[in-house]
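1. Here is the input, now give the coordinates:
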Amino acid sequence: MELPLEPQAAWDTVMDWDRQSRWMLFTRVWATENDGRGVGGGVAARTSVGGLGFTDDMVITHWDPPRDCTVKHLGTIVRGTGTFEVRPAPGGSTFVWSEDVIPPLGRLGRLAWPLVRPGFELMMRISFKRLTKDLAR
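-> Down below sits the predicted model:
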């Protein structure tokens, strides 16, 4: 995703965990340990629709501002790693968010992922559009 911000400003925006709550669809995000900064820092995200939801607790395992941050998902619903990268680009920065997660429910989760993935990707596209609108404020 292209952001009209220089790398440091882009980093400060996407690594503002509380601010992610404004643009991440169905999700409230907050810092836990060490204010969500540096290796060992903590982050939590509560994703819910109606009365159904789960909290994803994470620990930061790699921290290299303003370039990248990797978190390890500690929960039973979401396990694996997520990486946030900010790269310089003409006119600002490129923000890349990648996830390497293990689907829950073992074999059933792996079989269901191809059916769930389009909805997850749509949710992320909508969230990124919301980020763009949030930057325009």
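2. what are the ranges of the helices in the protein?
-> Ranges of helices in the chain, per DSSP state H, are 7-14, 17-23, 106-136.
3. Spatially central residue in this protein, please.
-> residue 97 (6.5 Å; C-alpha atoms, centre = their mean).
4. Once you drop chain neighbours, what's closest to that one?
-> Closest residue to residue 97 apart from its sequence neighbours, by C-beta to C-beta, 6 or more residues apart in numbering: residue 84 at 5.5 Å. (C-beta placed from N, C-alpha, C; glycine too.)
5. and the one you found, bridged to which residues?
-> Beta-bridge partners of residue 84, counted by DSSP bridges, are residue 69, residue 97.
6. ok, now which ones touch it?
-> By C-beta atoms under 8 Å, 6 or more residues apart in numbering, residue 84 lies in contact with 14, 15, 68, 69, 70, 71, 95, 96, 97.
7. quick one: contacts for the first one?
-> To tie it back to what came earlier, the one meant is residue 14. Contact partners of residue 14, counting by C-beta under 8 Å, 6+ apart, are 20, 84, 86, 95, 97, 131.
8. do the fourth one as well
-> With contact taken as C-beta under 8 Å, 6+ apart, residue 69 is in contact with 15, 60, 62, 63, 83, 84.
9. now do 10 Å
-> 11, 14-15, 36-39, 41, 43, 60-63, 82-86 (C-beta atoms under 10 Å, 6 or more residues apart in numbering).
10. got a pLDDT number for the nearest residue to residue 21 once chain neighbours are set aside?
-> Ranked by C-beta to C-beta, 6+ apart and with sequence neighbours excluded, the top spatial neighbour of residue 21 is residue 28, at 4.7 Å. What the model reports for residue 28 is a pLDDT of 97.
11. Relative to residue 98, how far out is residue 64?
-> Between residue 64 and residue 98 the distance is 15 Å, computed by C-beta to C-beta, to the nearest Å.
12. Residue 125 is in contact with the residue nearest to the centre of the chain, correct?
-> No: contact criterion C-beta atoms under 10 Å: residue 97 and residue 125 do not qualify, at 11.5 Å.
13. any shared contact partners between these two?
-> By C-beta under 10 Å, 6+ apart, residue 97 and residue 125 have these common neighbours: residue 1.
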